[in-house]
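Asks: Generate coordinates for the sequence data below:
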Amino acid sequence: MARTGRPRNFDRDEAVAKAMHLFWQYGYEGTSLEQLRHAMGDISSASFYAAFGSKEALYRETLVEYLRTHGKVVTALRDEHLPPRDRLEQALRRSAAMQTASAHPTGCMVALSATICSEGGASAQAVTAAERKANREAIAACVKAGVEEGILRPDTDVAGLAALYEGLLVGLSIQARDGVAGKSIDAAITQAMKAWDASCKATS
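Replies: Model (predicted):
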C-alpha cells in the first residue's frame, strides 16, 4: 500500500531546501512532482499536498528561502550607507561569486527557474519577474543617486547605464550555467564599472 503519512523523521525545512535546489537546477516546470517527492524521502502524493498545498505553493516557498539565503547577495543595491558605485559593484561581484559556486546549482534561481513557462506556469513566472523588476529599479536608483549626489555628470544616460548593469546581472546567470569561469565574469564586471567611471564628473 502507498503511504498516506509523512515519515516520522520528515524535516520540512530540509524538504524545502531540497526542493529549492531542484527548482533552481531544472526550473519550475522542469521539476516533476515525482522528483520532489523522491527528494523528500519518497513521500506519497497525499503527504506532499498535505505539507505544501501544491507544487506552485512549494515553489513560492522555495523562492522565499532562496531570497533569504543565496539571493541576499544583491542586498547591497539597497544599502544607502554605501556610495552608489559601491552598491552596484558589490552586488555584481557577490552575485557572480554565488552563481559560480560549486556547492549548489549555478546561475540565479530568480533569473533561470521560471523565465519561460507554459500558460499554466504564468503565475509562478510573474513572481520571478517581479523580483527582477525590483532589482532593475534598485539598479536604476543607484545610477540616479550617482547623478543626484554629483558623482556622475548631469547628462548621464541613467536609463542606458542602468540597463547595462541590469543586463549584466541577469546575463551572468546564463554564463554561470554554461560554465564560464568566475574569473572571466569578474573581469567583465571590472570592464562594466569603467562605464560608470567614464560618466563621472571631472575632478579639478
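
Asks: Go through the protein and flag its longest helix.
Replies: helix 122-148 (DSSP state H).

Asks: packing partners for the helix or strand that it is followed by?
Replies: For helix 122-148, the following helix or strand on the C-terminal side (DSSP states H and E) is helix 158-177. Judged by 3 or more C-beta pairs under 8 Å, 6 or more residues apart in numbering; DSSP states H and E, the packing partners of helix 158-177 are helix 84-99, helix 109-112, helix 122-148, helix 182-198. (Each C-beta comes from the backbone N, C-alpha and C, glycine too.)

Asks: okay, those in TSV with distance to Ala76 next?
Replies: Formatted as TSV, these follow (distance: least, C-beta to C-beta, whole Å):
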stretch	distance to Ala76
helix 84-99	4
helix 109-112	16
helix 122-148	9
helix 182-198	13
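
Asks: closest to Phe52 out of those helices?
Replies: Phe52 lies closest to helix 122-148 among these, at 13.7 Å (C-beta to C-beta).

Asks: by how many degrees do the longest helix of the chain and helix 182-198 diverge?
Replies: 50 degrees (axes from the mean of the first three to the mean of the last three C-alpha atoms, to 10 degrees).

Asks: just to revisit the earlier point, most tightly surrounded among the helices and strands packed on helix 158-177?
Replies: helix 109-112 (a mean of 25; mean count of other C-beta atoms under 10 Å).

Asks: So what touches that one?
Replies: Here helix 109-112 makes contact (C-beta atoms under 8 Å, 6 or more residues apart in numbering) with 20, 23-24, 27, 62-63, 66-67, 70-71, 128, 131-132, 135, 170, 173, 177.

Asks: Quick one: neighbours of the residue nearest to Pro83 when sequence neighbours are not counted, just the number.
Replies: Sequence neighbours aside, Ile151 is the residue nearest to Pro83 in space, at 7.5 Å (criterion: C-beta to C-beta, 6 or more residues apart in numbering). Ile151: 17 surrounding residues under other C-beta atoms under 10 Å.

Asks: For Arg12, see how far away Ile151 is.
Replies: As judged by C-beta to C-beta, to the nearest Å, Ile151 and Arg12 stand 47 Å apart.

Asks: Where does pLDDT dip in this structure?
Replies: Applying pLDDT under 70 to the chain flags the ranges 1-8, 203-204.
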